[in-house]
Structure formats: structure tokens, C-alpha cells
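S.K.: Give me coordinates for this.
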Amino acid sequence: MINIIWAAMIIIGIIYALITGNMENINDGILDSTKEAVTLCITMLGIVSLWCGIMKIAEKSGLMDKWTKLLAPVMKFLFPNIPPDSDAYKYMCTNIVANIIGLGWASTPPALKAMAELAKMNGHSTIASREMSVFLIMNISSLQLIPVSIIAYRAEYGAANPAFIIIPGLIATICSTLMALILCIIINRRNKNKNKGR
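M.R.: Purely as a prediction, here's the structure:
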């Protein structure tokens, strides 16, 4: 659906440029945008490589295990039915830690693996389990302490103080995560009430 929307917007833009005689601006925009996209990709590649490398070092050094233990009370509250020795639990912890330190790119592969494991536990049902719903909500809430990607974008586009976004970002993530936790509590209570009713 997104592809259709983008394609429609591009076609409408080109038709409008033809009607108004602004095709030269479209050509300039395409050339500038492609150059900018390549430059941004190269910048992001360096940052992603650095932080993914740091995550690998954290895994090899046992630091990820320590972070996972620190997350244990929160994980037990959010996912009471997921055994701590399961692959799903490990992938979910890796994802949450990566999100907390602002590595959206590094958090995606473990999130997909966690969802695949949760789908197995759910019997590959077409209806999401409670655990899948809660995990998705926590990811959508944009839980992060340092918005690395936004700082990188701001630096790339010449912001005077790229790290200025940290405080507003913290305020936003606290609000969104609190709302996500409230939603998770509601889902947990509904699930308990359903189990009692059976």
C-alpha cells in the first residue's frame, strides 16, 4: 500500500510539473536527492557499522548477559509466560537493549527473530498472541536514551548542535514508554480475566 501511495505522489508531482512548466526543477531535485541519498547512506553505514560492532563486543564480553539480568524484573512483568532460557527471551532482551541505547538498526534483526520465535510459541496462528502484542507495543513506543540516528542525521545536515535533541528525545521517550506500559498493563489484566473466565 505504501508503494502505491509513493508511486501516486511521484506521478502526480511529475504531471503537475509538466502542466506548470517546472520539469527543470524536477530534474534538479532528482539529481540533488540522489546525491544526498548516497552521501547519507555512506554516513549511516559508518555509524551502523560502529554500533553493531559495539553490540557484538558487548555480546562476546558477556555485557549483554549482564544487561539481560538487569532487565529480568521488567521482562518478567511484561512477558510472564516467556521462559528466560528461551530463544525468544534472548532476542527480545537484545532488541530492547539496542533500542534503549538508540540503535534502531541493530535492534531490528533480533526483533524479527523474536517475533519468529513468538509465532512458533503461538502455533503460527494468524492472530497475534498477548506476548507478540506487548513486544510490538514496546518497540513502537520508541524506548531510547540516546537517539543516535537522529543525532547522525542532524550532524549530516549541518545542525549547530546535533546532540541538542537528547533532552527533548528523553522527554518524548519517557511519555511514549509510560503510555506503552499502561497499555501493556491493560492487556495483561484482560488476559488474566480471560484465563479466569475459562
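
S.K.: packing partners for the top helix by length along the chain?
M.R.: When the chain is parsed with DSSP state H, its longest helix is helix 23-61. With contacts defined as 3 or more CB pairs under 8 Å, 6 or more residues apart in numbering; DSSP states H and E, helix 23-61 has these neighbours: helix 2-20, helix 63-78, helix 87-100, helix 104-121, helix 148-156. All C-beta atoms are positioned from the backbone trio N, CA, C, and that covers glycine.

S.K.: between these, which one is nearest to T177?
M.R.: Counting by CB to CB, T177 lies closest to helix 87-100 out of the helices and strands packed on helix 23-61; the figure is 9.9 Å.

S.K.: Please tell me how far S49 sits from I42.
M.R.: With the distance defined as CB to CB, to the nearest Å, S49 ends up 11 Å from I42.

S.K.: I4 and P110, how far apart?
M.R.: I4 sits 30 Å away from P110, going by CB to CB.

S.K.: Those two: which is more packed in?
M.R.: For I4 against P110, the residue with the higher neighbour count under other CB atoms under 10 Å is P110, and the figures read 20 against 8.

S.K.: Just the pLDDT at that one, thanks.
M.R.: pLDDT for P110: 85.

S.K.: List the residues that contact it.
M.R.: P110 makes contacts with Y91, M92, T94, N95, A98, as judged by CB atoms under 8 Å, 6 or more residues apart in numbering.

S.K.: Which single one of those residues is nearest to P147?
M.R.: Of all the contacts of P110, the one sitting nearest P147 is A98; the distance, using CB to CB, is 13.0 Å.

S.K.: Wait, that closest one touches M92, no?
M.R.: No. Using CB atoms under 8 Å, A98 is not in contact with M92, being 10.8 Å away.

S.K.: Show me which of these two is the more surrounded one.
M.R.: For A98 and M92, the more surrounded residue by other CB under 10 Å is M92, and the numbers stand at 29 against 25.

S.K.: Now do V97 against T173, distance only.
M.R.: 15 Å.

S.K.: which SS state does S125 fall under?
M.R.: Using DSSP: H, G, I helix; E, B strand; the rest coil as the criterion, the local structure at S125 reads coil.

S.K.: per-residue pLDDT, the residue lying closest to it once chain neighbours are set aside?
M.R.: Once its chain neighbours are removed from consideration, S125 has its nearest residue in A119; the separation is 7.9 Å (CB to CB, 6 or more residues apart in numbering). With respect to pLDDT, A119 scores 91.

S.K.: I figured A119 hits M132, correct?
M.R.: Yes. Using CB under 8 Å, A119 and M132 qualify as a contacting pair, with a distance of 7.3 Å.

S.K.: And these two? Which one has more around it.
M.R.: Taking A119 and M132 together and counting by other CB under 10 Å, M132 has the greater number of neighbours (18 against 15).

S.K.: give the contact list for the more buried one.
M.R.: By CB under 8 Å, 6+ apart, the residues touching M132 are M115, L118, A119, N122.
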